[in-house]
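>>> Quick one: sequence plus predicted model below, questions after.
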Amino acid sequence: MARDDYISMRNTSKHFGSVKAVDDVTFDIGEGEFFSLLGASGCGKTTLLRMLAGFEQPTLGNIFIDGQPQAGVPPHHRPVNMVFQNYAIFPHLNVNRNIAYGMRKSGLSKAEIDRRVDEMLDLIKLPGYGARGAHQLSGGQRQRVALARALIKQPKVLLLDEPLGALDKKLREQMQLELRALQRDVGITFVFVTHDQEEAMTMSDRIAVMSLGKVLQIDSPARLYEVPQVKEVADFIGTVNLFEGAIKGREGDSTIVDAEGLGTVRSTASGAEAPEAGPITVAIRPEKFQLTFSEPETSGNMVTGTMQAAAYLGDRSHYYVTVDGREAPIAVAAQNAERQLSVLGQHHERVWLTWNDDSALLLTA
Amino acid sequence: MTDTTAPGGSLTAQKAAQDQRGEEAPQYFASKHEGYHWTAEAPMFLYAVWYLAFLYIPVLFLPLFSFNDSIYVAFPLKGFSLEWYGDMVSTQQLLEALANSIKVGGAVAVLSTILGLFAAKAMTRYVMPGKGAITAFIMLPLVVPGIILGISLLVITNMVGMELSLYTIGLAHTLVSVPFAMLVLISRLEGFDKNLEEASLDLGEGPFRTFFRVTLPLAWPGILASLLLTFTISFDEFILAFFLAGNEATLPVYIWSQLRFPSRLPMVLALGATILIFSFFIVTVAEVLRRRGVGPQSGSAI
Ligand SMILES: Nc1ncnc2c1ncn2[C@@H]1O[C@H](COP(=O)(O)OP(=O)(O)O)[C@@H](O)[C@H]1O
Ligand SMILES: [Mg+2]
């Protein structure tokens, strides 16, 4: 039975002097889950991972792995293995010996260990590389060796600290898919650290968005994008237009809001925890707007403005529309479902924006 | 590795810096390269030449006169002779002193390198309160004049009732060698990533095994360098050995005792020349080792 609290953080904090690197986080990670920690550099991702690995002790709070409290358990007694940000391949050992490093206490025969190392080399698609020295490997190959060195131990949990950060874009995208496939095959819990939201969205079952040592929201990639709980998450994941506003009242299951630049907005977007009354922030994603060059027939949400700028990106186009009552232009994204050979729209041309009631998310101001 | 090192080490570095500037210069001073080079570098160059002459010409008299076929150390040279070297290898007392020096030097090298390694490990890997003060205290023997240290140690050995012997010399030499060992080993340990030791812990090896499987192999060139350097320090040391020697002398103390007899001077010169060559060789090897090996350049070039 896979348990969904295989790893538990309970009010865990780590302070370095006055810096709260990790600040009172509480969450669970399920067995076999691909779980990502996402956040800007310096938000505490590495520190959190190092606490799981046992290299740092929490200043406050507890960590449980498989129900066992981890306080005082040294790194070499934890059922987790780590792939370091810089891979930490042993420079004095060749690839074979790097991979076999942790097998000394496995109780397996030399021949059996050799066989498993070969298996690992096949798995990471580096067969025949066993005799190479560590310094003869490229960045991508080092990354794979670090992975094999950890996986051969058959850990319950694999911790990965920005393992793809040093790779170029193409290789990174390829490794993302390979890692995800590998995780499904071996069924190990992955805790994956990244500052790249696209990478996190591509690979993860769930993502914890972190900022300044705190966890802002934990959700599936789709829910993080569509139902962010706070402004910071909406802003960090993808692009979003944020409008200051105030709640005017309710009609059935929709909320009526007065928002800067948009006038009266009707929202039925559910899920977001926003106050019942008072100041509020309305969040609308660029692609949720429909842009037209003539006034559309609608009784729904609509605003008119002037085209500020337009950019043709091939598969889609970006427009920036200035409206009365708001300084920043509204970002609009449209799929180019049909071939667009004509001019996108003139500077200062009058345009209309419409959107659905459930596209306007209400967030705490 | 082609740089020459040891006594000329700082100069080599200076020269390298010079070359580098010379290479970069054309970008900014394309047309004025020559002029720029001269005005800024010429006085430095002259200074370096004078400095080297001052340093090495007296030293070169040693081998020169050691081959001179005369008992007087004076110009003009009389002729080539190996007589003094023959004297050297057939003097029993000298050979005993040499054996003593090697015994003491070997023990000092091992002991101070072990102590230096632990200290360096603590300094580079652990966060400790008062680290700065501790470092300062360990480094102190570097700046305390040898004669003061010698007197203090003599007083202490008397107080605790220790017999003066090769052991007391060894302990004193260890005291002054540890800072050097530490400096060499700290630079070595700082040269490799602490994640490597963590990776070993992470893969299930305890701190003890990690030390032997990761730290030691990676620090190995530094350890060799430290052994050679501390051996040389002990081998060449005179003041402490002079104060703390019992009835067995080390080589420098023996040389000192022979200087009273003018007839022995040429043989002492031969001995000095030999020691000079060996010391130079050992220090060079130590320096090459310290710089080479699985350093940052090959270790964590990601
Ligand atoms: N050993 C340490 N000593 C002091 N401050 C640290 C230490 N490790 C991390 N920090 C601080 O904690 C914060 C979070 O760091 P880190 O966990 O490395 O962030 P991330 O991995 O998300 O970039 C940063 O402000 C960093 O400077
Ligand atoms: Mg980090």
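Received it, and whenever you're ready, just let me know what you need. Ligands and ions are numbered 1, 2, ... in the order given.
>>> where along the stretch 101-250 of chain B do the helices fall?
Under the criterion DSSP state H, counting those that start in this stretch, the stretch 101-250 of chain B contains helices at B:131-139, B:146-159, B:166-191, B:194-202, B:207-210, B:216-236, B:239-244.
>>> Would you tell me which of these gets closest to A:V303?
For A:V303, the closest of these is helix B:194-202, at 53.4 Å, according to Cβ to Cβ. Any C-beta I mention is one placed from the backbone N, CA and C, and that applies to glycine too.
>>> For the closest one, name the packing helices and strands.
Judged by 3 or more Cβ pairs under 8 Å, 6 or more residues apart in numbering or on different chains; DSSP states H and E, helix B:194-202 is in contact with strand A:80-83, helix B:92-125, helix B:207-210.
>>> now that helix against helix B:166-191, angle please.
On the basis of axes from the mean of the first three to the mean of the last three Cα atoms, to 10 degrees, helix B:194-202 is oriented at 100 degrees to helix B:166-191.
>>> how distant is helix B:194-202 from the center of its chain?
Relative to its parent chain, helix B:194-202 has a centroid offset of 32 Å by Cα atoms, centre = their mean, to the nearest Å.
>>> Dead centre of the chain: give me the residue that sits there.
Reading this off chain A. A:A200 (3.5 Å; Cα atoms, centre = their mean).
>>> wait, I meant chain B there
With distances taken as Cα atoms, centre = their mean, B:L229 lies nearest the centre of chain B, 4.0 Å away.
>>> where does the chain have low pLDDT?
Assuming you mean chain A. A:1, A:270-274, A:340-346 (pLDDT under 70).
>>> You answered for a different chain; I wanted chain B.
Looking at chain B by pLDDT under 70, you get B:1-40, B:74, B:292-302.
>>> Now the stretch 201-302 of chain B against ligand 1: closest residue?
B:L201 (16.1 Å; Cβ to the nearest ligand atom).
>>> Just want to check the distance between that residue and B:L224.
26 Å (Cβ to Cβ, to the nearest Å).
>>> Would you mind telling me which of these two has the busier surroundings?
B:L201 (22 against 18; other Cβ atoms under 10 Å in any protein chain shown).
>>> was I right about the more buried one contacting A:P75?
Yes - look at B:L201 against A:P75 with Cβ atoms under 8 Å: they come within range, at 4.2 Å.
>>> Give me the common contacts of the two.
A:54-55 (Cβ atoms under 8 Å, 6 or more residues apart in numbering or on different chains).
>>> quick check: domain ranges of chain A?
Split into domains by automatic domain parsing, chain A comes to A:7-228, A:239-363.
>>> Export these as a markdown table, with columns for distance to B:L218.
Listed next are the domains of chain A as a markdown table, based on distance: least, Cβ to Cβ, whole Å:
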| stretch | distance to B:L218 |
| --- | --- |
| domain A:7-228 | 6 |
| domain A:239-363 | 47 |
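>>> what's near enough to touch the one residue in chain A that gets nearest to chain B?
Across chain A, the shortest distance to chain B (Cβ to the nearest Cβ) belongs to A:G102, at 3.2 Å. Taking Cβ under 8 Å, 6+ apart, we find A:G102 in contact with A:81, A:149-150, A:152-153, B:203-205.
>>> Out of the residues you listed, give me the one that has the most neighbours.
In terms of neighbours by other Cβ under 10 Å, the contacts of A:G102 top out with A:R149 at 29 neighbours.
>>> Start and end of stretch A:188-207, how far apart?
17 Å (Cα to Cα, to the nearest Å).
>>> List the buried residues of it.
Buried residues in stretch A:188-207, defined by neighbour count with 16 or more other Cβ atoms under 10 Å in any protein chain shown: A:188-195, A:197, A:199-207.
>>> tally of neighbours for B:F67?
18.
>>> which non-adjacent residue is nearest B:I255?
B:V268 (5.5 Å; Cβ to Cβ, 6 or more residues apart in numbering or on different chains).
>>> Just want the residue of the stretch 101-250 of chain B that's nearest ligand 1.
Of the stretch 101-250 of chain B, the residue with the smallest distance to ligand 1, taken as Cβ to the nearest ligand atom, is B:V127 at 8.0 Å.
>>> How is the residue nearest to the centre of chain A assigned, secondary-structure-wise?
helix (DSSP: H, G, I helix; E, B strand; the rest coil).
>>> gap between it and A:G238?
For A:A200, the distance to A:G238 - Cβ to Cβ - is 12 Å.
>>> was I right about A:L160 contacting A:F84?
No - look at A:L160 against A:F84 with Cβ under 8 Å: they stay out of range, at 9.0 Å.
>>> Let me see the contact set for the nearest residue to the residue nearest to the centre of chain B once chain neighbours are set aside.
Nearest residue to B:L229, sequence neighbours excluded (Cβ to Cβ, 6+ apart): B:A286, at 4.8 Å. B:A286 sits next to B:184, B:224-226, B:228-229, B:232 when contact means Cβ under 8 Å, 6+ apart.
>>> how does it look with 10 Å?
B:5-6, B:184, B:221-222, B:224-232 (Cβ atoms under 10 Å, 6 or more residues apart in numbering or on different chains).
>>> Just the buried residues out of those residues, in ChimeraX syntax.
Per 16+ other Cβ under 10 Å, the buried members of those correspond to this ChimeraX selection:
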select /B:5,6,184,221,222,224,225,226,227,228,229,230,231,232
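>>> Relative to chain A, which of the contacts of B:A286 is nearest.
For the contacts of B:A286, the nearest to chain A is B:P221 (10.8 Å; Cβ to the nearest Cβ).
>>> is it true that that closest one touches B:R291?
Yes - between B:P221 and B:R291 there is a contact at 8.3 Å, judged by Cβ atoms under 10 Å.
>>> right, so the helices and strands packed on helix B:194-202: which one is the most enclosed?
Compared across these, strand A:80-83 shows the largest average neighbour count, a mean of 27 (mean count of other Cβ atoms under 10 Å in any protein chain shown).
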